[in-house]
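In: Quick one, what's the 3D model for this:
(2 chains)
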Amino acid sequence: MSLSKQQVQHIAMLARLSLDDRDIDEVVEKLSSIVEFVDQLQAAPTDDVSPMAHPMNQVQRLRADAVTEPNERDRVQQNAPSVSDGVYLVPKVIE
Amino acid sequence: MSDGPESLHLQTLSELSAGLAAGDFSSRELVDLLLRRIDDNKSLNAFITITAEGALAAADTADQARAAGSGGPLCGLPIVHKDLFCTAGVRTTCASRMLDNFVAPYDATVVANLANAGAVYLGKTNMDEFAMGSSNETSYFGDVKNPWDASKSPGGSSGGSAAAVAARLIPAATGTDTGGSIRQPAALTGTTGLKPTYGRVSRYGMVAFASSLDQAGVITRSAEDAALMLGAMAGFDERDSTSVDHPVPDYVSLLDAPLKGLRIGIVKQHFDDGLDAQCAARVKEALVALEGRGASLVEVDLPNLDLSVPTYYVVAPAECSSNLSRFDGVRFGHRAEDPKDLLDLYCRSRAEGFGPEVKRRIMTGTYVLSAGYYDAYYLQAQKVRQLISQDFKQAFDKVDLIAGPTAPTPAFALGEKTDDPITMYLNDIYTIGANLAGLPGISIPCGFSDSLPVGLQLVGPHFAEDVVLRCAHQYQSITDWHRQCPENFR
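Out: Numbers count the residues shown, from 1 in each chain, chains lettered A, B, ... in the order given. Alright, predicted model coming up:
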């Protein structure tokens, strides 16, 4: 199945990727070729097959609900593009 | 091989370890020599960051520990890390503009385990951006050259690690393998590349691409060295929720057990059309050699092999789109200038920070997980993954290992496949199955096709790294393909 320009723009928005008008035709073409390629999965008979989420079909291990990590906010925030008084700064969200 | 210190770069980890133990040279002398080689061969572009100062200091510490009789099993041995393992205080870029300036506040478990064993790391290697690629051409820092022919790709995504080991810049390098990213570059560079069982080695501190497929491993110049490295890297880690609590054997001590009685499966689909004729011939010669060591060859069937690449290109992008949603321009990573609002900040930071292939995979993953398409693509791919996994299970009822080609062709030209994502994806046809089923696999050199190395792949059942390594080691004990060195790097 090939994708339309509108579909690709919708996917890009869901993925939070701005898409340049100059690039859109190429993105549509390449994404369509990938979707067409994976379409061959549709023909596989899988009626009684359970989906596999883990390569050994294992379930998630749980741990005790206890605090194990120290507070390292200042160190971690050294990688942040913009912080002030220990909080991350972003453009104004609520007027 | 001559005995002078000038030829130390040709030695394997095991040989270097013996030399250090005998006092023939110090770790500092060795590290110093390799740092100079790395510097002299910058045109390969195998490295993103070189950590000379830290490496020399660690080498001095290792020399002191050895003198005091307290060194670990890798005491003073030089290695490098793929640049997606977090290293405290040293930047970790994943070869992406997104993480160009990212300095992890902690070490990955793999990095910590190898440091605790005494290994000294000299730098961080180039790779495909976020490990998404099979040619090392998606790196923000430029492609890596194949030491056998600079016009060719070293494979990917662990292309820098493979090129550095092949060019004798370093005896061992860490790598990661999500769909073949250790084994395929090992095949294309004539090195030995081991991908362990899923959960065998901790993923903590490995920047995530596809969490149900990612596994850390090594690229070395011999199976013996891979065994030595795996012993230090492997083991349960409570910080990785999918780490498996399974005993770690002494892999090196198990290498010499006889191959007599070993049943090796040959997959008929492996030798269908897509395989280069010379690669097929080299692999068949290797199988005959293994038969000569007492192994028996048994034909097995992997009927869904053709579906492994499309299955992977649904599952891996789906997990990638979810994992890479953390890059938002807020907490770490690239941030766009002058965002007009929060949405603009997200969309432009991500569009500017990620390269085209990473964006393609995020968008593919977003599509297959989106409302209306989830069942048709993602759920169906998870079911086919189950079928592929069952095929392997049935094959391993009959055989101890599966042997075949690692890649369909030897190294291809840089630029040759960049226009068509599907052609690039099909390069991983023989390796992806082991990731979908979580199996251990190794690629070892088994000859040449027009002067370029060819890889033999061995895949075993879960946690059969010992069998995989033993078979690879014994093949290397009767051949010298793994000792062949590209002409300009002797």
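
In: give me the low-pLDDT residue ranges for the stretch 51-200 of chain B?
Out: Applying pLDDT under 70 to the stretch 51-200 of chain B flags no residue at all.

In: in the chain, which residue is closest to the centre?
Out: Using chain A. residue A:15 (6.4 Å; Cα atoms, centre = their mean).

In: Chain B, not that one
Out: The structure's chain B has its C-alpha centroid closest to residue B:182; by Cα atoms, centre = their mean the separation is 2.2 Å.

In: Distance check, the closest residue to chain B within chain A against residue B:16.
Out: Using Cβ to the nearest Cβ, the single residue of chain A nearest to chain B is residue A:55, 2.8 Å away. (Glycine included, C-beta is placed from N, CA and C.) Separation of residue A:55 from residue B:16 (Cβ to Cβ, to the nearest Å) stands at 35 Å.

In: Contact partners for the residue nearest to the centre of chain B?
Out: Going by Cβ atoms under 8 Å, 6 or more residues apart in numbering or on different chains, residue B:182 touches B:158, B:161, B:175, B:176, B:193, B:194, B:195, B:217, B:218, B:219, B:443.

In: Is any residue of the helix or strand hosting the last one near chain A?
Out: In this structure, residue B:443 is located in strand B:441-449 according to DSSP states H and E. No - using Cβ under 8 Å from any Cβ of the partner chain, we find that strand B:441-449 stays clear of chain A, coming within 12.7 Å at best.

In: Parallel or antiparallel, list what pairs with that strand.
Out: strand B:192-195 (antiparallel), strand B:452-459 (antiparallel) (DSSP bridges).

In: low-confidence ranges in chain A?
Out: In chain A, no residues with pLDDT under 70.

In: residue ranges of the helices in it, please?
Out: A:5-14, A:24-38, A:73-76 (DSSP state H).

In: Residue A:88 is nearest to which of these?
Out: Residue A:88 lies closest to helix A:73-76 among these, at 10.5 Å (Cβ to Cβ).

In: is any part of the closest one close to chain B?
Out: Yes - Helix A:73-76 lies within reach of chain B by Cβ under 8 Å from any Cβ, at A:75, A:76.

In: neighbouring contacts of that helix?
Out: A:86, B:105.

In: show me the residues around residue B:392 that make contact.
Out: Contacts of residue B:392 (Cβ under 8 Å, 6+ apart): B:302, B:402, B:433, B:437, B:439, B:459, B:461.

In: could you redo the last one with a cut-off of 6 Å?
Out: Taking Cβ atoms under 6 Å, 6 or more residues apart in numbering or on different chains, we find residue B:392 in contact with residue B:437.

In: I'd like the distance between it and chain A.
Out: As for residue B:392, its distance to chain A is 10 Å (criterion: Cβ to the nearest Cβ, to the nearest Å).

In: in what helix or strand does that residue lie?
Out: Here residue B:392 is assigned to helix B:380-398, by DSSP H and E.

In: and that helix, C-alpha only, in CSV?
Out: Listed next in CSV are the C-alpha coordinates belonging to helix B:380-398 (Å, rounded to 0.1, in the frame of the first residue of the first chain):
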residue,chain,number,x,y,z
GLN,B,380,0.8,-9.5,12.8
ALA,B,381,4.6,-8.9,12.9
GLN,B,382,4.7,-10.1,16.6
LYS,B,383,2.8,-13.3,15.5
VAL,B,384,5.2,-13.9,12.6
ARG,B,385,8.0,-13.4,15.0
GLN,B,386,6.6,-16.3,17.1
LEU,B,387,6.6,-18.5,13.9
ILE,B,388,10.2,-17.6,13.1
SER,B,389,11.2,-18.4,16.7
GLN,B,390,9.4,-21.7,16.5
ASP,B,391,11.2,-22.6,13.3
PHE,B,392,14.5,-22.2,15.2
LYS,B,393,13.2,-24.2,18.1
GLN,B,394,12.3,-27.1,15.8
ALA,B,395,15.7,-26.9,14.1
PHE,B,396,17.5,-27.0,17.4
ASP,B,397,15.6,-30.2,18.3
LYS,B,398,17.7,-31.8,15.5
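
In: Show me what the helix or strand just after that helix is packed up against.
Out: Later in the chain than helix B:380-398, the nearest helix or strand by DSSP H and E is strand B:401-405. If you count contacts as 3 or more Cβ pairs under 6 Å, 6 or more residues apart in numbering or on different chains; DSSP states H and E, strand B:401-405 packs onto strand B:263-267, strand B:452-459.

In: Now render those as JSON lines, adding mean pLDDT and distance to residue B:331.
Out: Formatted as JSON lines, the helices and strands packed on strand B:401-405 follow (pLDDT from 0 to 100; distance: least, Cβ to Cβ, whole Å):
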{"stretch": "strand B:263-267", "mean pLDDT": "98", "distance to residue B:331": "45"}
{"stretch": "strand B:452-459", "mean pLDDT": "98", "distance to residue B:331": "39"}
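
In: Next, format those as a markdown table and append mean neighbour count.
Out: Below are the helices and strands packed on strand B:401-405 laid out as a markdown table (neighbours: other Cβ atoms under 10 Å in any protein chain shown):
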| stretch | mean neighbour count |
| --- | --- |
| strand B:263-267 | 19 |
| strand B:452-459 | 28 |
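
In: how many neighbours does the closest residue in space to residue B:420 that isn't next to it in sequence have?
Out: In this structure, residue B:420 finds its nearest non-sequential neighbour in residue A:33, 7.6 Å apart by Cβ to Cβ, 6 or more residues apart in numbering or on different chains. As a burial measure, residue A:33 scores 14 neighbours (other Cβ atoms under 10 Å in any protein chain shown).

In: next one: residue A:68
Out: Residue A:68: 8 surrounding residues under other Cβ under 10 Å.

In: and the residue of chain A closest to chain B, what does it touch?
Out: Residues in contact with residue A:55 (Cβ under 6 Å, 6+ apart) are B:198, B:437, B:438.

In: and the first one, what helix or strand is that in?
Out: Yep, that's residue B:198 we're talking about. Here residue B:198 sits in a region with no helix or strand, counting by DSSP H and E.

In: In contact with it, which residues?
Out: Taking Cβ under 6 Å, 6+ apart as the test, what residue B:198 contacts is A:55, B:215, B:438.

In: now the second one
Out: Residues in contact with residue B:437 (Cβ under 6 Å, 6+ apart) are A:55, B:389, B:392.

In: Show me which residues of the stretch 251-400 of chain B sit near chain A.
Out: Applying Cβ under 6 Å from any Cβ of the partner chain, we find that the stretch 251-400 of chain B lies next to chain A at B:307, B:310, B:313-314, B:330-332, B:335, B:339, B:341-342, B:345-348, B:350-351, B:359, B:362-364, B:366-367, B:379-386.

In: what's the closest non-adjacent residue to residue B:209?
Out: Residue B:209 sits nearest to residue B:131 (Cβ to Cβ, 6+ apart), 4.8 Å away.

In: should've said residue B:307
Out: Closest residue in space to residue B:307, ignoring its immediate chain neighbours: residue B:384 at 5.3 Å, by Cβ to Cβ, 6+ apart.
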